[in-house]
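K.L.:
After the sequence you'll find the predicted model.
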Amino acid sequence: MLHSARELVGYTIGATDGDIGAVHDFYFDDESWTIRYLVADTGDWLPGRKVLISPMALREPRWTTQRLPVGLTRAQVERSPGVDTARPVTRHYEAELAGHYGYPYYWAGPYRWGAGPYPFAPIAPEPVPVEPEALTTLEREGMANVEHRDSDRHLRSVQEVRGYYIQAADGDIGHVDDFLIDDRTWAIRYMVIDTRNWWPGKQVLVSPEWIAAVSWNDSKVHIDLTREVVKSAPEYDPAHPLERELESRLHEHYGRRKYWETEDRDRAA
């Protein structure tokens, strides 16, 4: 199922022994466009502090009550490495965070989440130190990748990218208003584009897979579609859940592959 990033902001994140705080933002990686962390505002519990929670920690969400339970204790979260959301998140910090919780590196492996397509990690009451000789080949490769990737900024804030202009092949079409997130893989499946400055009263969806380039310094996303093709695309109504039938029509309109079919084939291979 797909969920609006805007609507998820404010959801309560609950540890096994009490609440941690509320969703404040998300970090996604700009290579696979996958949510890697929920940014939690800890409120009165840890005043002035924000913490990063990996989707690997999430357990069964309670959508009706707007709660996201995690398999962590408050003590684990309190002792987690601090993060400065005003500065880029480095790979070294991510490795330190993964080590604190005993999570595998999502960047070590062939799938969206490293060794698998979904964010999963076993529940551990406390972090378990791992001896180098006990590391798998994938984990050793992940550690080797820390050094040369540390200078690369690959994590982006959803709040930061919201508002970026969308540049079609023949001109602007609007700006990023929201993101639709897959609650199984935590992939960003679509950007919700507000076109009010071009033609009023319509929102359209554009998949990150259709991005030609992103000018991060210019806050602009370039897509290889024309304005007219986007304008005639099926309209998105945020008041209603996005059904697979509309997704199918959307992909057929743009002549693009359907992600759910290609990913199913990849998993079966």
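P.N.:
Yep, it's here.

K.L.:
and I35, how many neighbours does it have?
P.N.:
23 (other Cβ atoms under 10 Å). C-betas here are computed from N, CA, C, even on glycine.

K.L.:
How many residues are close by the residue nearest to it when sequence neighbours are not counted?
P.N.:
Take I35 and drop its neighbours on the chain: the residue closest to it by Cβ to Cβ, 6 or more residues apart in numbering is W186, 4.3 Å away. When counting by other Cβ under 10 Å, one arrives at 23 neighbours for W186.

K.L.:
and what of R112?
P.N.:
Neighbours of R112 using other Cβ under 10 Å come to 19.

K.L.:
residues in contact with it?
P.N.:
Counting by Cβ atoms under 8 Å, 6 or more residues apart in numbering, R112 touches S32, T34, Y106, Y118, T185, A187.

K.L.:
Give me the pLDDT for the residue nearest to I35.
P.N.:
What the model reports for W186 is a pLDDT of 97.

K.L.:
Repeat that for the one 4 residues further on.
P.N.:
pLDDT for Y190: 97.

K.L.:
Same question for K202.
P.N.:
For K202, the model assigns a pLDDT of 86.

K.L.:
cool, and the one 3 residues further on?
P.N.:
Reading off the per-residue confidence, L205 sits at a pLDDT of 95.

K.L.:
for it, helix, strand, or coil?
P.N.:
On the three-state scheme (DSSP: H, G, I helix; E, B strand; the rest coil), L205 is labelled strand.

K.L.:
what's near enough to touch it?
P.N.:
With Cβ under 8 Å, 6+ apart, L205 has these contacts: L180, Y190, M191, V192, I193, A233, Y236, L242, L250.

K.L.:
cool, V77 as well?
P.N.:
A15, I20, T42, V51, I53.

K.L.:
Can you get me the centre-to-centre distance for the helix or strand encompassing it and its chain?
P.N.:
Here V77, judged by DSSP states H and E, is contained in helix 74-78. Computed by Cα atoms, centre = their mean, to the nearest Å, the separation of helix 74-78 from the middle of its chain amounts to 23 Å.

K.L.:
so after that helix, what's the next helix or strand?
P.N.:
helix 91-101.

K.L.:
buried residues in that following helix?
P.N.:
Buried residues in helix 91-101, counted by 16 or more other Cβ atoms under 10 Å: R91, Y93, E94, A95, L97, A98, G99, Y101.

K.L.:
do the same with stretch 82-92
P.N.:
Neighbour count says stretch 82-92 has V83, V89, T90, R91 buried, by 16+ other Cβ under 10 Å.

K.L.:
Run through the stretch 51-200 of the chain and note the low-pLDDT ranges.
P.N.:
121-153 (pLDDT under 70).

K.L.:
mind redoing it with 80?
P.N.:
Filtered on pLDDT under 80, the stretch 51-200 of the chain yields the residue ranges 121-153, 197, 200.

K.L.:
hey, where'd the strands end up in it?
P.N.:
67-69, 155-157, 165-168, 171-182, 188-194 (DSSP state E, counting those that start in this stretch).

K.L.:
Check the offset of the first one from the chain's centre.
P.N.:
In this case it means strand 67-69. Computed by Cα atoms, centre = their mean, the chain-centroid distance of strand 67-69 equals 17 Å.
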